[in-house]
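In: Predicted model and sequence below, questions to follow.
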Amino acid sequence: MLDVREELTPMMAQYTDLCEEHDDALVLFQVGDFYEAFCQAAETVARICEVTLTKREDSTGRYPMAGVPIDNAASYVERLLDSGYRVALADQVQPAEEASGLVDRAVTQLITPGTLVDDELLDGSTANYLGAVVRGRGDGGDGGDGGDGGDGGDDGANGTRRATATATYGLAVVDVSTGECLVTSGDRTTVVEEIERLAPAELLTAPEIDLDETAVASGAMHTSFDPGAFDLDAAREQVSAYARPDAVLASDEEIRAAGAVLAYAEYTQGGDRLDYVSRVTRFDPREYMRLDATALRSLELFESRSRSGRTLMGTLDETACALGRRRLEAWLRRPTIDRDEAEARLDAVEALSTEGVARETLREALREVYDLERLVGRVSRGRANARDLRSLATTLGVVPDVREALETVPDHDAGRLATLADRLDDCADVRSLVERAIVPDPPQEITEGGVVREGFDDELDEIRAVEREGRAWVSDLEARERERTGIDSLEVGYTQVHGYYIEVTNPNLDSVPDDYTRRQTLKNSERFYTPELKRREDEILSASERADALEYEVFCDVRDAVAAETERIQELADVLADLDVLATFAGVAVEHGYTRPTFGADALAIEGGRHPVVERTTEFVPNDVDFSKGEIALVTGPNMSGKSTYMRQIALTSIMAQAGCFVPASETRLRIVDRVFTRVGASDDIAGGQSTFMREMAELTEVLHGATGESLVLLDEVGRGTSTTDGLAIARATTEFLHDEVGATTLFATHYHELTDLADEYDGVFALHFTADRAGDDVTFLHRVAEGPSSSSYGVEVARLAGVPERVVERARNLVDAAERGDGEGGRADDTSGGDTNAAGREPDASSTDGRTAAATNGHDPRDAAGTGAGPEDVPETEQGDAGTDPAEKTLPASAQPTDGRAKSAPLPDPSAGPRDDTNHAREVLADIRAVDVARTTPMDALALLHDLQRRLDDTDREP
């Protein structure tokens, strides 16, 4: 079209202009009752929306065209958004009858994932945030260009990294549908965590931000906006329209982020101030329990990784209205660390759990509550229809019932409930206005009449009276004319094209009076009008048009009056949301046997604890935990016995308690937790260049750097994915660091049974295990926790239960039995690599001054794999390799090298070679063991290698 722009028709030129103005969006252009797109945009719409691709042809050419019906546009817009497009709706902004030529059109709404306002596109159970993130100058400078970000000693990438590490970031989010606006700031880690926790659907990034730097993996659409919106002066002026920037916000970064996000929100909604964004609120992440993306996923708070699809949110969500569902999600995403706040919520839950009648009355009333936050948002934007106003009035009518239900709850048991009751404002004046002005069951359209109640506006009533009088005269006309003309088949009717008419069939045309004027000829009849009928028609149509126009004006006045009370209505919505969650918590507690937790300075202790999600789907065995024995619990036991579930249920108990909910346990004593860390399961990131082990180590890094003495840490199988020696050393060093340096309450599930020896060495470490019954080859998991370490992981038995071929199972069992007999190469039965029990250094190394092993202090074991205590100096020179080289990094002999990169069995001895030196032969075997790359060895290769090594040693034993 651009090639023939000057020759385009006026309408197509108008479309082209709008596309250029919004070149970052897909423009849907109103043509009659459809939104149309042309050229490549049409092909996109046809493909994604699965509509027919047609052609538009004029003198300038043929153009692809595709359209969607306006009355069902939301479903098609949703598909386009899901495919990553922004959508600009170009509506007719001028009545067709008033246009002398081309009807004016303009983009009335830019729809993006973060700026949704239509109910059809929104999820009522969750907030839909638009976010903006900026970076300020830190100790290392701006670092924006990477060349001068340091203090003069760094440049390029190093300068950028250094600046990023010391910079302060600002984050602001706004829910355009409700007007909620939240702002915070902090270091990179803190702000990225908040982005992941708030999960904005769309994120604006300041010019100095690199997306890789923010490491945002939330799936948000990233949007580049006018760089000027991030300018500090421009942002301060923007925020000033909503709040006093320097009084509400704490830093330049917060002002820049808030200004940019509000500017973009206004831009997408037509450019006007968003009056319903009445509260720009700053929050400090340190005021809430911090739950990063890893914890949210591992604990399945909102998204399930299992087939059941159950989450904590879904388990607790028995809320009555959308307000409560969003508040429940907010409380679970950000549990309070303010003990007084948590206790106040628990007081309210306890009161409602004991006052069953009041609770159920309250919940029944709340079921009649509409989504006030989004309703008042539409009202304030001027997009609410008459049905929206009636829904608002219905909700306001529920408030007296809510207050009455609360009055039956004793105040001394429910201080929070009493406070909420005092804040209840039924907005009686607003409700009265709507009920007096709007008919009980109004039509969807607000421009075609039938919306305003009779008696509300005198002028409108007078015009309607004229219209009714005229219609009454017309309705009586048929009877009068039949009597006057004697034509019994005479009929009076109306069409929008021809207006009112008197119809006479052809056989009766001779009886038509002289004052009839022919209006329309049909096949079997003629239609006429009289001068009086024409006069009445003009009166009726004029009165109808005037009434519709005046009625729309009256409706807009009423809507504006309601919009003026936005803050009162938002305050009421806030109270109703809290009440809904508190009543829900009470109902869930009563129904599922939850009890009130207590907070104190003592160690965490739970009696009869249960997993709130798992217990809903299967029979569950309750378990206890008591950290008065120490701050670190080493949990061992069989696979599938429930170790991970046990750890997660303890974390979920803390989250629920600090959110204000009773917990699934017979008795619970808790400390306020500032953060929950989870290193429970990981997957690789090949595209990002990270193996599973690297991902696990990255998560462990976050734990060890971020945990405090008030944190709760869950670690599951730390150290897997590398050699047993390295993995065990990492696990032990991690445990010691958490004990000596951090002091966090920690649950560490492991199959490294050697690790449980730490319980004997440190007063703050204790061992727990999951029990199992074994009868022959059958194992029954009891899912019960007991003190002390486990004797076995029952890996072979689990393999059998999983359906591993019996031959493999039997061979594995024989190998385990051989190891347990102490043949030298087997090691402990539950050591996944067959290493010696001393591989982690159970006994203090002679060179250690603090009683720890060299494995923990140096990262590797100085002794050989057989546990002889021999260091590198005891290994023949040919096996030590170059000075400073770890023997574990040596390669296999050429004869034992695989062709596919995996471990290969060592060659069998040659019988014709004559007598061998047994010592050297054993050392050769040990050297071959050291050379195996465990991380790249498959289970079958490992079994084959172990089998051949045994044969080689057996041959040595049989020789004289």
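Out: Cool, got the structure.
In: Can you list the low-confidence ranges for the protein?
Out: 97, 138-166, 211-218, 411-414, 681-690, 777, 823-923, 933-941, 943, 951-960 (pLDDT under 70).
In: So which residues of the stretch 501-650 of the chain form helices?
Out: Ranges of helices in the stretch 501-650 of the chain, per DSSP state H, counting those that start in this stretch, are 531-563, 566-592, 643-659.
In: Hmm, I typed the wrong one, I wanted the stretch 201-350 of the chain.
Out: So, for the stretch 201-350 of the chain - with DSSP H, counting those that start in this stretch - the helices run 211-214, 232-240, 245-248, 252-268, 293-298, 312-316, 322-333, 339-354.
In: quick one: which of those helices is nearest T485?
Out: helix 322-333 (62.3 Å; C-beta to C-beta). All C-beta spots, glycine's among them, are computed from the backbone N, C-alpha and C.
In: Put together a markdown table for the helices of the stretch 201-350 of the chain, with mean neighbour count and distance to A167 on each row.
Out: Compiled in a markdown table, the helices of the stretch 201-350 of the chain are given as follows (neighbours: other C-beta atoms under 10 Å; distance: least, C-beta to C-beta, whole Å):
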| stretch | mean neighbour count | distance to A167 |
| --- | --- | --- |
| helix 211-214 | 14 | 10 |
| helix 232-240 | 18 | 15 |
| helix 245-248 | 14 | 20 |
| helix 252-268 | 25 | 9 |
| helix 293-298 | 21 | 21 |
| helix 312-316 | 21 | 34 |
| helix 322-333 | 23 | 25 |
| helix 339-354 | 20 | 32 |
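In: okay, now the residue lying closest to T495 once chain neighbours are set aside: neighbour count?
Out: Distances taken as C-beta to C-beta, 6 or more residues apart in numbering place Y501 nearest to T495, at 7.4 Å, with adjacent residues excluded. Counted with other C-beta atoms under 10 Å, residues neighbouring Y501 total 20.
In: bridging residues for Y501?
Out: Beta-bridge pairing of Y501 under DSSP bridges involves G493.
In: isn't it right next to E481, touching?
Out: No - contact status for Y501 versus E481: not in contact, 11.6 Å apart, counting by C-beta atoms under 8 Å.
In: Now the common contact residues for these two.
Out: V492 (C-beta atoms under 8 Å, 6 or more residues apart in numbering).
In: can you tell me which residues contact T319?
Out: Residues in contact with T319 (C-beta under 8 Å, 6+ apart) are R325, R327, L328, D580, V581, T584.
In: and what of L490?
Out: L490 makes contact with E478, E481, R482, I502, E503, V504, N508 under the criterion C-beta under 8 Å, 6+ apart.
In: For those, work out which two are farthest apart.
Out: Farthest apart among these by C-beta to C-beta are E478 and N508. That separation is 14.2 Å.
In: Secondary structure element for Q444, which one?
Out: Under the criterion of DSSP states H and E, Q444 resides outside all helices and strands.
In: Need phi/psi at it.
Out: Backbone torsions of Q444, given as degrees, to the nearest 10, read phi -70, psi -40.
In: State the distance from it to A386.
Out: The gap separating Q444 from A386 is 8 Å, by C-beta to C-beta, to the nearest Å.
In: Who has more neighbours out of these two?
Out: Under the criterion of other C-beta under 10 Å, the comparison of Q444 against A386 puts A386 first, with 23 against 9.
In: which one is that one nearest to, not counting chain neighbours?
Out: Spatial nearest neighbour of A386, excluding adjacent residues (C-beta to C-beta, 6+ apart): P442 at 3.5 Å.
In: How about D488?
Out: R482 (6.0 Å).
In: Using the three-state scheme, assign that neighbour.
Out: Using DSSP: H, G, I helix; E, B strand; the rest coil, the secondary structure recorded for R482 is helix.
In: I'd like to know how far it sits from T530.
Out: 14 Å.
In: list the contacts for the residue nearest to T495?
Out: So Y501 contacts V492, G493, Y494, T495, R519, Q520, R527, F528, Y529 (C-beta under 8 Å, 6+ apart).
In: Give me the number of neighbouring residues for the first one.
Out: In this case it means V492. For V492, the neighbour count with other C-beta under 10 Å is 19.
In: Reduced to three states, what does I487 come out as?
Out: When classified by three-state DSSP, I487 comes out as coil.
In: That one against N506, yeah?
Out: No - I487 is beyond contact range of N506, at 11.7 Å (criterion: C-beta under 8 Å).
In: Show me which residues of whichever strand or helix holds T668 are buried.
Out: Per DSSP H and E, T668 falls inside strand 667-670. For strand 667-670, a neighbour-count test (16 or more other C-beta atoms under 10 Å) marks T668, R669, L670 as buried.
In: which ones are touching the second one?
Out: Going back to what we said before, that points to R669. R669 makes contact with P597, T598, G600, D602, A603, L604, A605, I606, according to C-beta under 8 Å, 6+ apart.
In: Could I get the buried residue list for stretch 274-286?
Out: Buried residues in stretch 274-286, counted by 16+ other C-beta under 10 Å: L274, D275, Y276, V277, S278, R279, V280, R282, P285.
In: Show only the entries of the residues you listed found in strands.
Out: Per DSSP state E, strands hold the following members of these: V280, R282.
In: Between all of the buried residues of stretch 274-286, which two are separated the most?
Out: So, the buried residues of stretch 274-286 by C-beta to C-beta: farthest apart are D275 and P285, at 28.9 Å.
In: Pretty sure D71 sits against D33.
Out: Yes - if you go by C-beta under 8 Å, D71 and D33 touch, sitting 7.3 Å apart.
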